[in-house]
Structures are given as structure tokens and as C-alpha cells.
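The sequence and its predicted three-dimensional model are supplied below.
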Amino acid sequence: MKRRKRWNNYPPGPVSFPFVGNLLQVNFQCPRLLSEKFGKIISLQIGWKNVVLLNGLEAVKEALVQRSEDFADRPPFSLFDHMGIMMARYGHGWKELRRFTLSTLRNFGLGKKSLDQRVTEEAGCLCSAFSHPFNPRFLINSAVGNVMCSLTFGNRFEYNDEKFQRMLHLIEEAFNIGAGIMSQVILDMMPWLLYIPGPHHNVFQPYTDSFDILREIVKEHKETRDPGFTRDFIDAFLEEIEKAKMDPESTFSEDNLIFTVFDMFGAATETTTVTLLMQFGRVRASSHPAPPIDNVSIFPGRVHEEIDKVIGRDRSPDIEDQVNLPYTNAVIYETQRYCDVVFAGVPRTTYRDTEVQGFFIPKGTIILTVLSSVLKDETVWEKPHEFYPEHFLDADGQFVKREAFLPFSAGRRMCLGEQLARKELFLFFTTLLQHFTFHIPEDQPRPRDDGYYVLIHSPDSYELCASPR
Ligand code: HEM
């Protein structure tokens, strides 16, 4: 009863059951249903935890931008005391690691040529790996993983390299487990389970295996490092550990190096892979002989035309071409809006007592910013539930950014890799469309448009044929 204390002016929500709260009543994939009943700001109880869902541009903007610090914390992680960046609690350690990571990635090329070249080079490798017909997930995931390897370890891997594939697989598995019901709800409600042997201890395995692989890579770096020459992110972090040796407050340690690299891989690979799969999925959906379901059928031709006119066929696309390719750019942005990959955001926690849209929200409440409800906000977008690249074009056909375009979230904890992801989404897409036309293998039905929701919104598995242009 004490835990169920209600505050004055606390947001409304469905009645919750003992122990499980609203866990069994709520369809998190469709928060719109809850909104229709309770409004834009809804309170829930998941196990013992108080959770508040924020829907729509106004509420999400007020929380993440205007009251940025109030909403900057993350919930405690039930499995272990994990630092890194993604799940770190708001405070000195997180600030130090985030600032360092952002500036190091920038120096290695976020905003500079060298990163563009790495991505372009990887897009070239991806082109040569395309066969006929094929499932693009493996290749795209490997190419995206390789960009991260090149930034953090200084080298890329062959797509069929066993160690590389094992690492990508383990990190993905660990992220799915970390966000799953066992670690988020069951172990959190009953932490004493960890003192009892049983199969639930398997949740730790992908973490320890991933950390072992990363620890080995860090060890190799320490053995081969030249202090006058920084090869990659790991070298830069090792330098920082040395500089901070005498500072007892410092967050720079080998454990935190491993956690940070792990976090970046986990945050970067699946999100970017799935967004690219959605982009090619849109192209593929447009080429199916059955009548189109929306206006997708016209766009690949227009994108090909624009790329041919601005870039031609002889040179590789460059990030600077973006400004001269308004339609292509609009298609990329619209895919992110329409497919809302990180549909419910990443959970935050209130850092102090605060309020949103007049509702009181106490310190320590878990906040889900439903990004999907912003990307499809009916008061903002002309055709929120259709694929409509014109959302990002003005009357003269020039590209325009929109305030409600928040797939990377906003505020202090917004995605740290937005610039890198933007480059990958643009350079992979334009390079592949410059070289290929895509279509669905004969005999396959029109692919479903809705995909499935776990931690993120992924497309159903599909096959693609790529014909050289
Ligand atoms: C299309 C690709 C991507 C999407 C849609 C995406 C989306 C997001 C979202 C919605 C968040 C949660 C922000 C919040 O709490 O409000 C986030 C956090 C984060 N992302 Fe991304 N992301 C993408 C790519 C990347 C890449 C390439 C990197 C790596 C460099 C990255 C690194 C991170 C990190 C480290 C965080 C945690 C930030 C913090 O807590 O301070 N992401 N991302």
C-alpha cells in the first residue's frame, strides 16, 4: 500500500493489480490505445515501479528539452553496477564519459572527412558482397558493425570472420536480455533470486562473453600501442586512463572502457542496421507487382534520377552531396519517421520532483517517452500514418527539417551517435542505389509492412534481388 501511494495531480492511468501492476494489461507496442482513454500523460505500475508514459510532441518536448535535467537520469540496472554511457545514472561519471566519447568520435572524423571515407569504403565492400537473391540483414549488420570496429578497434573484418560475427551476436543478445522481462521486471522485483542457483543466471552469459572478447582486444592494444600516435577510440581511452591515474574522482578505468565500447556497439549496430533494412524494405515494397499500398512506388525512380544527375555513376557519394539531393534526403528522413525504430525511446528516470503539462511527477519515476507518438503526432504531420517524403520538402522541393522529427530523442541524454548514424544512413543508401535497382524475388508475396516490436521496431525478414544498373 505504501508503494502505491498516489500524489496530488499525479497523471491518470489504469487500475493496477497486486504484484504485477499493469504488466499484463498494457500493450506497449500500441500506447495509442492507452492515450485514447487516459490522455497524453499516463501513469502505470510495472511490478513495484511507477512508470509514466509521455505522448505527443508538446509533452515530450517539455520534458526532454525544457526540463532537460529533471528527466536526465536512467533507472538502476538490475543485473550489475554498469557504468558505460547508455544505462549510467546521471552524474559526474556519465558526464565525463559522454563528453570524452563525443569529442573523441568527432576527432576521429565525426564531422570530418576520415569518417566519411570509412563509411564510403564500407559501402563499397557491401556493394561487392551483394549476391542474387539474398537476405540483406547479415550483410548490412556486418557493414554497420565494421564501421564501429574501424572507429573503436582501428580495423574492419571480413564479413564471414567468426570472431567478428560472434561478437556482434553476443552484444545484440546481451542488449535484448538487458531490456527483457527477466532483467527489467523479474530480477528487479525479486533480487534475492540472484542468490539462488538456476537457469535465470544465464542472463549474465552474453555479457561476460562480450566483455571477455573486448578485454582481449584492449589487451592487444596495450601491447602494441605507440603513445605518440592514437590509432582509434581504445587508444584514446587508454591515454585518458594514464592521464587520470592520480585523480581519485576519475571515471576512466579499464572496466569503464569495456562498458563504453560495449554500449556504443549495442546502441549503434542494431538501430542503424534496422533503419537501413527499413530503407531498403521501402524500396523493395515499391517494386512489387501488386498494386502499391501507398505512394511508395514512385520514389526509387526519383531517387535514382536525382543521384544520376547530381553524383553520376563514376564517383562515390560524398556527405556534402546531401544538400543537393533533397528528395533522396527526404526519403531517408521519412523512412525514419514512418518506421519509428526506437518507438518507445530508452527509459529515463526523473532526477528530482518535477511536472509536465501541469501533472506532478515525483523523483525516481521511470519515464517512457513514446517517440512513435511524436513521429506520428496527428496535430503536426500532414499524413502521419502514410509514407510521404513530402513531409520534408517545401513548396520549391527543397529539404526542410521538422521540429517533431525526434528518432534520436532530445535533451541531455539524446543519442550520442546521431551524426555518425546520419552519415551511415545517407552514404550506404545512396551508394547502393547508385549501383543497383532492387526488387523482390519472383514468387514472393508482398512483404508485410508492420514488422515486429521487441526493444526496437524491426522489419520482418525479407529477401532482395539487386540488379546492377
Ligand atoms: C539510426 C540509428 C540510431 C537511432 C535511431 C538511435 C536512437 C537513440 C535513442 C532514441 C536513444 C535514447 C536517447 C534518450 O534516452 O532519450 C539513443 C541513445 C544512445 N545512442 Fe543512439 N541511435 C542510433 C545510432 C547510434 C549510433 C551509431 C551510436 C554510436 C556511436 C549511438 C549511441 C548511443 C548512445 C551511447 C546512447 C546513450 C546516450 C546517453 O544515455 O547519454 N546511437 N539512441
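Received it, and whenever you're ready, just let me know what you need.

For the rest of this, base every contact and every neighbour count on C-alpha atoms.
Noted.

So what's the residue count around residue 316?
Number of residues near residue 316 (other CA atoms under 10 Å) recorded here: 18.

One more: residue 223?
8.

distance of it from the ligand?
Here residue 223 is placed at a distance of 26 Å from the ligand (CA to the nearest ligand atom, to the nearest Å).

Now stretch 216-227: buried residues?
Across stretch 216-227, burial judged by 16 or more other CA atoms under 10 Å covers 218, 221.

One more: stretch 398-417?
The neighbour-count check on stretch 398-417 (16+ other CA under 10 Å) flags 398-399, 404-417 as buried.

distance between that stretch and the chain's centre?
Once both centres are worked out by CA atoms, centre = their mean, to the nearest Å, stretch 398-417 turns out to sit 12 Å from its chain's centre.

touching the ligand at all, it?
Yes. Legend: contact between stretch 398-417 and the ligand by CA under 6 Å from any ligand atom is shown at 407, 408, 409, 410, 413, 414, 415, 416, 417.

Distance of residue 374 relative to residue 260?
Distance, residue 374 to residue 260, by CA to CA, to the nearest Å: 29 Å.

Quick check: residue 407 vs residue 333, distance?
Separation of residue 407 from residue 333 (CA to CA): 9 Å.

and what of residue 275?
Remark: distance between residue 275 and residue 333 (CA to CA) = 10 Å.

same thing with residue 175?
Here residue 175 is placed at a distance of 26 Å from residue 333 (CA to CA).

neighbour count winner among these two?
residue 333 (23 against 19).

quick one, what contacts that one?
Listed by CA atoms under 8 Å, 6 or more residues apart in numbering, the contact set of residue 333 reads 389, 392.

ok so, going back, hey, what's in contact with both of residue 407 and residue 333?
Among the neighbours of residue 407, none is also in contact with residue 333 (CA under 8 Å, 6+ apart).

Strands along this protein, start to end?
Assigned by DSSP state E, the strands in the chain fall at 41-46, 49-54, 348-349, 354-356, 359-361, 366-369, 436-439, 452-453, 457-458, 465-468.

Give me every residue in the protein lying close to the ligand.
When proximity is defined by CA under 6 Å from any ligand atom, the chain lies next to the ligand at 85-86, 263-264, 267-268, 271-272, 275, 342, 345-346, 407-410, 413-418, 420-421.

Tell me which of the residues you listed fall in helices.
Judged by DSSP state H, those include 263, 264, 267, 268, 271, 272, 275, 418, 420, 421 as members of helices.

which of those sit farthest apart?
Pairwise distances across those peak at 18.4 Å for 263 and 275 (criterion: CA to CA).

okay, these two: which has more neighbours?
Per other CA under 10 Å, whichever of residue 263 and residue 275 has more neighbours is residue 275, with 23 against 18.

pretty sure the more buried one contacts residue 341?
Yes. The pair residue 275 / residue 341 is scored as a contact, 6.7 Å apart, by CA atoms under 8 Å.

Which residues belonging to stretch 6-16 are considered buried?
Buried residues in stretch 6-16, counting neighbours by 16+ other CA under 10 Å, are found at 10, 11, 12, 13, 14, 16.

returning to that earlier point: would you reformat the strands of the chain as a markdown table and include distance to residue 381?
Compiled in a markdown table, the strands of the chain are given as follows (distance: least, CA to CA, whole Å):
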| stretch | distance to residue 381 |
| --- | --- |
| strand 41-46 | 20 |
| strand 49-54 | 18 |
| strand 348-349 | 26 |
| strand 354-356 | 23 |
| strand 359-361 | 26 |
| strand 366-369 | 18 |
| strand 436-439 | 29 |
| strand 452-453 | 23 |
| strand 457-458 | 20 |
| strand 465-468 | 33 |
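
most centrally placed residue in the chain?
Nearest residue to the geometric centre of the chain (CA atoms, centre = their mean): residue 271, 3.7 Å.

low-scoring pLDDT stretches of the stretch 151-300 of the chain, where are they?
The stretch 151-300 of the chain contains residues with pLDDT under 70 at 179-185, 187, 283-299.

Of all the residues in it, which one is nearest the ligand?
Here the residue of the stretch 151-300 of the chain nearest the ligand is residue 268; by CA to the nearest ligand atom that distance is 3.5 Å.

got the contact list for that residue?
Residue 268 neighbours (CA under 8 Å, 6+ apart): 148, 417, 421.

Need phi/psi at the closest residue to the residue nearest to the centre of the chain other than its chain neighbours.
What sits nearest to residue 271 in space, not counting adjacent residues and going by CA to CA, 6 or more residues apart in numbering, is residue 341, at 7.0 Å. Backbone torsions of residue 341, given as degrees, to the nearest 10, read phi -60, psi -50.

In contact with residue 341, which residues are there?
Contact analysis of residue 341 by CA under 8 Å, 6+ apart lists 271, 274, 275, 407, 456, 457, 458.

Pull the contacting residues for the first one.
Contacts for residue 271 (CA under 8 Å, 6+ apart) come out as 341, 342, 456.

quick one: the helices in the stretch 201-350 of the chain?
Assigned helices in the stretch 201-350 of the chain, in chain order: 205-224, 233-243, 254-286, 299-310, 326-339 (criterion: DSSP state H, counting those that start in this stretch).

in the third one, what's buried?
Along helix 254-286, the positions that meet the burial threshold by neighbour count (16+ other CA under 10 Å) are 254, 256-286.

Would you check which pair of the contacts of residue 341 lies furthest apart?
407 and 458 (14.3 Å).

which residues touch stretch 225-238?
Contact partners of stretch 225-238, identified using CA under 8 Å, 6+ apart, comprise 104-105, 108, 150-154, 218, 221-222, 239, 252, 254, 257.

Ends of it, what's the gap?
Counting by CA to CA, you get 9 Å between the two ends of stretch 225-238.

Now it: buried residues?
For stretch 225-238, by 16+ other CA under 10 Å, it's 230, 231, 232, 233, 234, 235, 236, 237, 238.

The last one and residue 255, how far apart?
With distances defined as CA to CA, the gap from residue 238 to residue 255 amounts to 11 Å.

swap in the fourth one?
From residue 233 over to residue 255 the distance is 15 Å, taken as CA to CA.

which residues sit in contact with the nearest residue to residue 175 once chain neighbours are set aside?
Leaving aside its sequence neighbours, residue 175 sits nearest to residue 266 (CA to CA, 6+ apart; 6.4 Å). Taking CA under 8 Å, 6+ apart, we find residue 266 in contact with 171, 172, 175.

what about 10 Å?
When contacts are counted by CA atoms under 10 Å, 6 or more residues apart in numbering, residue 266 touches 86, 145, 168, 170, 171, 172, 173, 174, 175, 176, 260.
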